[in-house]
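> Sequence isn't available, so here's the structure alone:
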C-alpha cells in the first residue's frame, strides 16, 4: 500500500483517491521495471519473518512470504522461519 493509505477509515470517501493513486503508482512501477528482485533483500525477509514471529505468525504469512521471496529470487524456506522462531 502507499504511505498513509492503511490509515484511511473504512467509511471515508478518500478510498477513491487512494485507489487511483495506487493505480498510478503501479503503472509507474511497471514502466520503471521495479520488480520484487529490485526492491527486496534477504534482510527485508529477515525483518518480515521477525515481525511475523513476534505477532504469532499465521500460516498465511508463511505462505505469502515464501511466495514473494521466490518472485524476488531470494527463496525463503521453512528453515528460515524455524531459525527465527528460536530467537524471537
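Received the coordinates, thanks. Being a predicted model, the structure only gives us computed values, none of them experimental.

> all contacts plus neighbour counts: C-alpha atoms, from now on.
Fine.

> Provide the contact partners of stretch 7-25 at residue level.
Residues outside stretch 7-25 that contact it (C-alpha atoms under 8 Å, 6 or more residues apart in numbering): 1-2, 5.

> from these, which is closest to residue 43?
Ranking the contacts of stretch 7-25 by separation from residue 43, with C-alpha to C-alpha as the measure, puts residue 1 on top at 19.9 Å.

> and the contacts of stretch 7-25, which are buried?
Among the contacts of stretch 7-25, not one counts as buried by 16 or more other C-alpha atoms under 10 Å.

> quick one, longest helix in this protein?
Ranked by residue count, the top helix of the chain under DSSP state H comes out as helix 14-31.

> Show me what the helix or strand following that helix is packed up against.
Scanning the chain past helix 14-31 towards its C-terminal end, the next helix or strand to appear is helix 36-39 (assignment: DSSP states H and E). Judged by 3 or more C-alpha pairs under 8 Å, 6 or more residues apart in numbering; DSSP states H and E, the packing partners of helix 36-39 are helix 59-71.

> contact partners of the helix or strand following the helix it packs on?
Using DSSP H and E, the helix or strand that follows helix 59-71 in sequence is helix 78-85. Outside of helix 78-85, the residues that reach it under the criterion C-alpha under 8 Å, 6+ apart are 49-50, 53, 62.

> Identify each buried residue in the worst-scoring helix or strand of the chain on mean pLDDT, please.
Sorted by mean pLDDT, DSSP states H and E, the helices and strands of the chain end with helix 36-39, the least confident at a mean of 86. Of the residues in helix 36-39, none is buried under the neighbour-count criterion (16+ other C-alpha under 10 Å).
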